[in-house]
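Peer 1: Following is a predicted model, sequence given first.
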Amino acid sequence: MEALQNLFGLSGRTAIITGASRGLGRAAAIALNGAGANVILIGRDSASLEETRTLLSDPKRSKIFEADVTNDDLRKKIIADVTRDCGKIDILINNAGIIRRDPALEYSEKDWDEVIETNLSSVFHWSQDAAKEMMKTGGGKIINIASVLSFSGGVNVVAYAAAKGGVAQLTKALANEWAKHNINVNAIAPGYFETNATSALRKNPERSAQILSRIPAGRFGDPNELAGAFIFLASSASDYMHGHIMTVDGGFNGW
Ligand SMILES: NC(=O)c1ccc[n+]([C@@H]2O[C@H](COP(=O)([O-])OP(=O)(O)OC[C@H]3O[C@@H](n4cnc5c(N)ncnc54)[C@H](OP(=O)(O)O)[C@@H]3O)[C@@H](O)[C@H]2O)c1
């Protein structure tokens, strides 16, 4: 048991999780807190972050920051506050993300900019600022949330697919530069999970059947089924993994 604790336990470690107010980010917070970590929950709505807090095994080991991940000043303040209060940042999960659907010909500049800024640029900015602190304290773990649309284009989601493709490449590029500083940069590429982001698809019987026909597991994923992947990539068990994009997708056969 002690050997397993050493390998997968996160006691005494501090994890920042963006987009922790629901969905996959909430599942990450529950998993990491359950494995012993202090979790810093970030999102734009403190009421739903509070809801996440009530689901943690030890809510005392959590802190909430209401912030938009694209806000540079708030990001810098959060990184500074967490470093000061917790002594170090061990884990960063870049999970916050949005999706806007429209055919490419009609896709608005506003939607393009917001999706790229939230899903790709902010991942770089948070990683860069967190890595500077991690380097001072001996290393850390950065886990980016990619997507099966990191590998294929999808339909009517041009900005999302471009951003998630970028997240996969960003993960590999940062891993190449930061592995020597004991920073593991990896990503999880989820398939289709039951969250707000997929509720429109899941409610549409035709789209839902199309998607399920490509998932050998025959069902959408429960966000809590990502717990093992989150804990593995956040823990010492993954110390020799760098630049890996781990799919957790029920065996999804893309398009
Ligand atoms: N669900 C899936 O099947 C699936 C598949 C592949 C990849 N993903 C990725 O997984 C991540 C989580 O998605 P989800 O399905 O859990 O979606 P979700 O239920 O819509 O949750 C998105 C989270 O991101 C936060 N967020 C969005 N924009 C933000 C911003 N500008 N600043 C701060 N927080 C922001 C939201 O919080 P507030 O709105 O309260 O701020 C919320 O906590 C995303 O990166 C998504 O692309 C999901």
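Peer 2: Here it is on my side, so go on.
Peer 1: Spatially central, which residue of the protein would that be?
Peer 2: Centroid check for the chain by Cα atoms, centre = their mean gives residue 95 as the closest residue, at 2.6 Å.
Peer 1: how near is it to the ligand?
Peer 2: Distance of residue 95 to the ligand, computed by Cβ to the nearest ligand atom, to the nearest Å: 5 Å. In this view, the C-beta of every residue, glycine as well, is placed from N, C-alpha and C.
Peer 1: Show the model's pLDDT score for residue 40.
Peer 2: At residue 40, the model reports a pLDDT of 98.
Peer 1: So whichever residue of the stretch 51-200 of the chain sits closest to the ligand: helix, strand or coil?
Peer 2: Nearest to the ligand, among the residues of the stretch 51-200 of the chain, is residue 97, at 2.3 Å (Cβ to the nearest ligand atom). Classification of residue 97 using DSSP: H, G, I helix; E, B strand; the rest coil returns coil.
Peer 1: Identify the residues contacting residue 167.
Peer 2: Contacts for residue 167 (Cβ atoms under 8 Å, 6 or more residues apart in numbering) come out as 94, 119, 120, 123, 144, 145, 146, 147, 150, 187.
Peer 1: that older thread, which residue, other than its chain neighbours, is closest to the residue of the stretch 51-200 of the chain closest to the ligand?
Peer 2: Once flanking residues are discounted, residue 97 sits nearest to residue 119: 4.8 Å by Cβ to Cβ, 6 or more residues apart in numbering.
Peer 1: pretty sure that neighbour is touching residue 95, no?
Peer 2: No: the pair residue 119 and residue 95 does not pass the contact test of Cβ atoms under 8 Å, sitting 10.3 Å apart.
Peer 1: name the helices or strands packed onto the longest strand seen in the chain?
Peer 2: As assigned by DSSP state E, the longest strand anywhere in the chain is strand 183-190. The criterion is 3 or more Cβ pairs under 8 Å, 6 or more residues apart in numbering; DSSP states H and E, and the helices and strands that strand 183-190 contacts are helix 122-136, strand 140-145, helix 158-178, helix 227-234, strand 245-248.
Peer 1: Show me what the first one is in contact with.
Peer 2: Contacts with helix 122-136, where a contact means Cβ under 8 Å, 6+ apart, come from 16, 18, 69-70, 72, 75-76, 79, 83, 88-90, 92, 94, 96, 140, 142, 144, 167, 170, 174, 178, 181, 183, 185.
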